[in-house]
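Asker: Structure, please.
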Amino acid sequence: MGLAHRFISLIEVEKPGGSESGGATSHQFITSDDLLPVPREERTWTGFSYVAFWVSTSININTWMITSSMIQLGMSWWQAWICVWVGYTAATPFVVLNARPGAIFHVTFPVANRTSFGIFGSLWCVFNRAAMACIWYGVQSSVGGSCVLVMLRTMWPSVNNIPNSMPVSSGTNTRDFMCFFLFWLISLPFIWFPVHQIRHFFAFKTIIAPIACLAFMIWCIVKAKGVGPIVDQPGTIHGSNLGWAMVSGVMSCMSNMFYEEHSGMRLILALEHGIRQRQLIVSSSSQAIYGQTIWSPVDLLGMFLDDNPSGATRFGVWFIAFSFIIAQNIRRGGYISAIVGLAMCPWNLLKSSSSFTAYLNAYSVFLSAIAGVMAAEYWLVRKGHYNVADLYVARKGSWYWYWYGFNPRGYAAYVAGITINVVGFVGDTGRVVPAAATHIYDLSFFTGFGTSAIVYWALNRIWPPYGVPSKFEEVDVSRYEESHCGDAQAGSVETDSVGNGTSMGSEKA
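Answerer: Purely as a prediction, here's the structure:
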């Protein structure tokens, strides 16, 4: 019993300020040290930290797979490059729209959602994002496991011949699962550290990952006997098929960028485009070298180890595979995500490029509807006005209480944003649906975001909530940071006798 109690104490989220006692249960439910605005002493990331984060994110294997899947669909390298340019450029304004509240008021995604969905209504959005985190953790671990396999093969080639003892229904084999589990174990310590303590790790990734990316590209060009055989490969799809394939590629790029949910800048965008060009050259080179399109760069790297490679080749492959492991997004996501990511058999999502891109596009249906509501709330309805103190208040009359903690306007708009893509989503599972529905689904991020934003704005025009201002101004009407400085800032919202937060401007019409 003592061991169980110590374990629970270890994983328990501290109450605000480290207090052992709190107010009402509802107040403890919506307030913790992880949910409160990031205190000044933990705002340690500089501009370079964000650049480092984005550069290292751009080089991980998942982004390579997105660009490679376009080549496998039948595009030429330059057609896929256009998709990358359009996709990431088009995604940047949407990312900035939703990242702005966090940058100004230092609140995290679970808390920012309360402004548009309500104190308790935001829990569905948090669950949605948490489910995605579990899936993404598993996908990252599966890809990292393939890198571990390549590294082990460079040192002990016999690893590739480990007998399989797992059934076909598992979707994997003993060798691959062993490598997956090794990567999964390696990633666990990184979960322990909070985000503000790992910025130097991203700086390290920014140094090593681009070097490996450039080395891999040069190596592929040499093996293909020059750039000519790579860039001269024509696309195999044409006409409307090519057009909608490019639209699908653009949507995949946009969905991938939104998974990270950080703000972007022109410098970072330019770096991403340069990295994607190198990835496309590597992806296209497989056709020139081996006569087939290989969508996973790790599989291509593993093929370099076939036919008795030299010691130099083994070292080069080991270094690139190690860099890919570092470049995978091992960062704080919670041990629950790690456990679920292990149990969900993520390797099944990576069996083919079509299943991977289908998974990305499907999630964008739900993500875009949430993003549209959040953007409309901040930019069109509240016009930059926040009541930070009321984000931690479960009481009638507070800005974000709405109807028993749920915002019916937000959910109506969210459902509308999903509904417009539902028929096309069903078609993506293999059912026969009208071509128009399929094309709407191909544009799922734009249709979902636009529909939910317009519906939310219209509903708030008809039934305006508390705190609707007449002009745009980014201001916290509760002056939370001014009234919660020093120890209190890192602590809690002041509570009254029943555990409800007190704030300024809660009844403002």
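Asker: Phi and psi next, for Asn62.
Answerer: phi -60, psi -40 (degrees, to the nearest 10).
Asker: before we move on, which element is Val432 in?
Answerer: Applying DSSP states H and E as the criterion places Val432 outside every helix and strand.
Asker: for it, phi and psi?
Answerer: Given degrees, to the nearest 10, the pair of backbone angles that Val432 has is phi -90, psi 120.
Asker: For this protein, which segments count as strands?
Answerer: 385-386, 475-476 (DSSP state E).
Asker: Could you identify which of those is most buried?
Answerer: Of all the strands of the chain, strand 385-386 has the most neighbours on average by mean count of other C-beta atoms under 10 Å, namely a mean of 22. From N, CA and C alone the C-beta is placed, and that goes for glycine too.
Asker: how near is Tyr419 to Tyr441?
Answerer: One correction, residue 419 is Thr, not Tyr. 12 Å (C-beta to C-beta, to the nearest Å).
Asker: Stretch 120-134 - what's its average pLDDT?
Answerer: The average of the pLDDT scores along stretch 120-134 is 86.
Asker: Kindly report the same for stretch 325-339.
Answerer: On average, stretch 325-339 scores 64.
Asker: likewise stretch 296-316?
Answerer: 85.
Asker: For that stretch, buried residues please.
Answerer: 296-298, 300-305, 309, 314, 316 (16 or more other C-beta atoms under 10 Å).
Asker: same question, stretch 47-65
Answerer: For stretch 47-65, by 16+ other C-beta under 10 Å, it's 49-65.
Asker: Please apply the same query to stretch 129-146.
Answerer: So, applying 16+ other C-beta under 10 Å, buried residues of stretch 129-146: 129-130, 133-146.
Asker: ok, now stretch 73-90?
Answerer: Of the residues in stretch 73-90, those buried (16+ other C-beta under 10 Å) are 73-77, 79-81, 83-90.
Asker: related to what we said a few turns ago, if we compare the strands of the chain, which one ends up closest to Leu342?
Answerer: strand 385-386 (38.2 Å; C-beta to C-beta).
Asker: does Met374 really touch Ala112, like I thought?
Answerer: Yes - in this structure, Met374 is within contact of Ala112 by C-beta atoms under 8 Å, at 6.8 Å.
Asker: For these two, list the residues in contact with both.
Answerer: Pro101 (C-beta atoms under 8 Å, 6 or more residues apart in numbering).
Asker: Please tell me how far the nearest residue to His385 once chain neighbours are set aside sits from Asn387.
Answerer: Closest residue to His385 apart from its sequence neighbours, by C-beta to C-beta, 6 or more residues apart in numbering: Pro469 at 5.0 Å. Going from Pro469 to Asn387 by C-beta to C-beta gives 11 Å.
Asker: Look at the two and report which has more neighbours.
Answerer: Asn387 (26 against 14; other C-beta atoms under 10 Å).
Asker: ok, and the closest non-adjacent residue to the more buried one?
Answerer: Trp399 (4.4 Å).
Asker: quick one on the thing from earlier: looking at Thr419 and Tyr441, which one has more neighbours?
Answerer: Taking other C-beta under 10 Å, Thr419 and Tyr441 do not tie; Tyr441 has more neighbours (26 against 14).
Asker: Pull the number of nearby residues for the closest residue to the more buried one other than its chain neighbours.
Answerer: Sequence neighbours aside, Gly424 is the residue nearest to Tyr441 in space, at 2.2 Å (criterion: C-beta to C-beta, 6+ apart). Neighbourhood size, Gly424 [other C-beta under 10 Å]: 23.
Asker: Thought Leu443 was touching Gly424, still the case?
Answerer: No - Gly424 is beyond contact range of Leu443, at 9.0 Å (criterion: C-beta under 8 Å).
Asker: His106 - how many residues pack around it?
Answerer: That count, for His106 with other C-beta under 10 Å as the rule, works out to 18.
Asker: which residues touch it?
Answerer: 37-38, 43, 481.
Asker: Now, of these, which are buried?
Answerer: Among these, those buried by neighbour count (16+ other C-beta under 10 Å) are 37-38.
Asker: Just give me the closest of the contacts of His106 to Ser452.
Answerer: Looking across the contacts of His106 and measuring by C-beta to C-beta, the closest to Ser452 is Pro37, at 26.3 Å.
Asker: Now for the closest one: which residues touch it?
Answerer: Pro37 touches 105-107, 111, 388, 480-481, 489, counting by C-beta under 8 Å, 6+ apart.
Asker: Return the backbone torsion pair for it.
Answerer: According to degrees, to the nearest 10, Pro37 has phi -50, psi 140.
Asker: picking that back up, please flag which of the buried residues of stretch 47-65 sit within helices.
Answerer: Cross-referencing the buried residues of stretch 47-65 against helices under DSSP state H gives 49-58, 61-65.
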